[in-house]
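Peer 1: dropping a prediction and its sequence here:
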Amino acid sequence: MSNIFNQIYSTPIPAAVTSGLVFSQIKKPSANGKAPIRVKAGIFGTAFALGSYMMYDNDYKNGAGFTAVWSTLYLLAHRKSPNRGFMGTLLIGAAAINGIGYAIGFARAPESRNSGPYSGSTLDLPDHVPPSPIDASSSTSPGSTLT
């Protein structure tokens with residue numbers, strides 16, 4: 001059981017599924033034009049999607065930590081929601097499990113990511129700067145004019 005849990009939470013799939021579930025809570029406008037503004041659903045859905053993308057982009061440690069923190073924030077923001085219903089209860093459970101799974105993944109992940117173009121502490125700049133298009137021998141002294 002523990003091995004399956006570790007395998008599942010070493011991927012961005014749970015965060016992406018949670019993002020989709022949260023986005024499904026955004027309501028469409030009603031006939032009278034008044035719509036409940038679901039800013040929280042948009043913010044949390046975007047946060048879970050961003051964490052999932054970070055893990056997909058080979059930055060597992062930061063993506064897992066980001067998702068664990070936002071899962072905890074989701075739990076805090078929705079702990080006393082009245083009329084939660086089935087979907088709300090499902091999302092609370094998913095956020096709790098995501099928080100635990102990705103917090104464990106964050107704690108076990110290596111310190112930094114070892115792939116990508118900027119894996120070092122400095123940018124990979126070329127050793128030689130190419131010459132400028134203006135030839136250095138044709139430069140003039142200040143005050144003189146070009147012919």
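Peer 2: Good, I have the coordinates. Numbering: from 1, shown residues only.
Peer 1: so A103 sits against A68, correct?
Peer 2: Yes - the pair A103 / A68 is scored as a contact, 4.2 Å apart, by Cβ atoms under 8 Å. Where you see a C-beta, it was placed from the backbone N, CA and C, and this is true even at glycine.
Peer 1: neighbour-wise, which of these two wins?
Peer 2: The neighbour count for A103 versus A68, taken as other Cβ atoms under 10 Å, is higher for A68 (23 against 18).
Peer 1: can you say which helix or strand has that one in it?
Peer 2: For A68, the enclosing helix or strand under DSSP states H and E is helix 60-77.
Peer 1: if you average pLDDT over that helix, what comes out?
Peer 2: The predicted model gives helix 60-77 an average pLDDT of 92.
Peer 1: after it comes which helix or strand?
Peer 2: With elements assigned by DSSP H and E, the helix or strand that comes after helix 60-77 is helix 85-108.
Peer 1: which residues are in contact with that next one?
Peer 2: Helix 85-108 is contacted by residues 5-6, 8-10, 14-15, 17-18, 21-22, 24-25, 48, 51, 60-61, 64-65, 67-68, 71-72, 74-75, 78-79, 81, 84 when judged by Cβ atoms under 8 Å, 6 or more residues apart in numbering.
Peer 1: buried set for that helix?
Peer 2: Residues of helix 85-108 classed as buried: 91-92, 94-95, 97-99, 101-106 (neighbour count, 16 or more other Cβ atoms under 10 Å).
Peer 1: report the angle between the axes of it and helix 60-77?
Peer 2: Orientation of helix 85-108 against helix 60-77 (axes from the mean of the first three to the mean of the last three Cα atoms, to 10 degrees) gives an angle of 140 degrees.
Peer 1: export helix 85-108 to CSV, keeping only CA atoms.
Peer 2: C-alpha atoms of helix 85-108 as CSV (Å, rounded to 0.1, in the frame of the first residue of the first chain):
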residue,chain,number,x,y,z
GLY,A,85,-22.4,18.2,-0.7
PHE,A,86,-20.7,15.2,-2.2
MET,A,87,-18.3,17.2,-4.4
GLY,A,88,-17.3,19.5,-1.6
THR,A,89,-16.6,16.5,0.7
LEU,A,90,-14.7,14.8,-2.1
LEU,A,91,-12.5,17.9,-2.6
ILE,A,92,-11.8,18.2,1.1
GLY,A,93,-10.6,14.6,1.1
ALA,A,94,-8.6,15.1,-2.0
ALA,A,95,-6.9,18.2,-0.6
ALA,A,96,-6.1,16.4,2.7
ILE,A,97,-4.6,13.4,0.9
ASN,A,98,-2.7,15.7,-1.6
GLY,A,99,-1.3,17.7,1.3
ILE,A,100,0.0,14.6,3.1
GLY,A,101,1.2,12.8,-0.1
TYR,A,102,3.0,15.8,-1.6
ALA,A,103,4.4,16.9,1.8
ILE,A,104,6.0,13.5,2.1
GLY,A,105,7.2,13.7,-1.5
PHE,A,106,8.7,17.2,-0.8
ALA,A,107,10.6,15.9,2.2
ARG,A,108,12.0,12.9,0.3
